[in-house]
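Novice: Based on what follows, work out the 3D shape:
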Amino acid sequence: MFKSKKLFTFMFLLILSVFALAACGGSDEDSGDDASSSEGKSTLETLKANDKIVWGVKNDTKLFGLKNPSNGEIEGFDVDMAKAITEIILGDASKVEFKEVTSKTRIPMLNNGEIDAIIATMTITEERKQEVDFSDVYFEAGQSLLVEKGSDIQSIDDITADTKVIAVKGSTSAINIREKAPDAQVLEFENYAEAFTALKAGQGDTLTTDNAILYGMASEDSNFELVGDIFTDEPYGIAMKKGSDDFVQAVNDALAELKENGKYDEIYSKWLNF
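Specialist: A predicted model of the protein is given here:
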């Protein structure tokens, strides 16, 4: 009787061990398959599988990316370019999602996976190339100055140590103005809406950023105007995560197609024909 109990216990434990090993083996195999299927996909393959591209755009930059208060939609040159590129890559312009970015937040949001690409008046620089991959240039801008009409400031040469220059945090404009006018007092704001509001409130003497953005501000308020020549080159690019070679190539191919078929000129004329 004792031997029978021992034999039964042994057989029971043996069966449990077999089931446990089988379960572990199946779990490892399944997780391995999932990992390989996820890690094996390129950026472009992942986007096509998701059937959507999430774009980081400005919400406060007239002509490029501005939220329309009447319908809540983001509108502008960058927005229409994102839709056109998405249509070429995914076959449908509606397969887009837009998330608001600022000059300060856009790269962190890209690198933490909140967005797939940035199209937000972003200048291509060597420093930024260390953090992201850029497309070909899709818009050529240049930094300028916005002042109230009648201002003594008519060019970069008129900026002195007494001049308060308004800029946006995280922008190349804030860096450039310190190089071009090192004695100036630079006041940085979170976004372009806050910066323009500060200029209109008299908190600064001039606002500096890319001329295309300043034209949008001037069109909102006829009391302000652009002065002087541009004093930098600001080539805009679309930013993607480092290593997204296939996605970068797809975007560059789309840009080339849009310029060849006339769609680029159509979008440009719609927003930037000033």
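
Novice: Please make it C-alpha for all contacts and neighbour counts, starting now.
Specialist: OK.

Novice: And the strands in the stretch 51-200 of the chain?
Specialist: 53-57, 60-61, 65-67, 74-75, 96-100, 117-118, 132-134, 139-141, 143-148, 164-168, 185-189 (DSSP state E, counting those that start in this stretch).

Novice: Just send those back as CSV, with mean neighbour count and distance to Asp210 too.
Specialist: Shown next, in CSV, are these (neighbours: other Cα atoms under 10 Å; distance: least, Cα to Cα, whole Å):
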stretch, mean neighbour count, distance to Asp210
strand 53-57, 27, 16
strand 60-61, 22, 11
strand 65-67, 21, 14
strand 74-75, 22, 18
strand 96-100, 18, 19
strand 117-118, 28, 17
strand 132-134, 22, 19
strand 139-141, 17, 6
strand 143-148, 24, 4
strand 164-168, 26, 10
strand 185-189, 18, 15
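
Novice: Could you tell me the least trusted of these?
Specialist: Across the strands of the stretch 51-200 of the chain, strand 60-61 has the smallest mean pLDDT, namely a mean of 90.

Novice: What is the neighbour count of Ala174?
Specialist: Counted with other Cα atoms under 10 Å, the neighbours of Ala174 add up to 19.

Novice: That one and Ser219: what is the separation?
Specialist: For Ala174, the distance to Ser219 equals 23 Å [Cα to Cα, to the nearest Å].

Novice: In TSV: the strands of the stretch 51-200 of the chain, plus distance to Ile88.
Specialist: Below are these laid out as TSV (distance: least, Cα to Cα, whole Å):
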stretch	distance to Ile88
strand 53-57	12
strand 60-61	25
strand 65-67	21
strand 74-75	20
strand 96-100	12
strand 117-118	15
strand 132-134	18
strand 139-141	19
strand 143-148	31
strand 164-168	33
strand 185-189	36
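
Novice: among these, which is nearest Gln203?
Specialist: strand 164-168 (7.8 Å; Cα to Cα).

Novice: Excluding sequence neighbours, find me the nearest residue to Phe224.
Specialist: Glu148 (4.3 Å; Cα to Cα, 6 or more residues apart in numbering).

Novice: I meant to write Lys99 there.
Specialist: Residue nearest to Lys99 in three dimensions, not counting chain neighbours: Gly56, with 5.0 Å by Cα to Cα, 6+ apart.

Novice: for that neighbour, what are its contacts?
Specialist: By Cα atoms under 8 Å, 6 or more residues apart in numbering, the residues touching Gly56 are Phe98, Lys99, Glu100, Val101, Arg106, Leu110, Ile115, Asp116, Ala117, Ile118, Ile119, Ala120.
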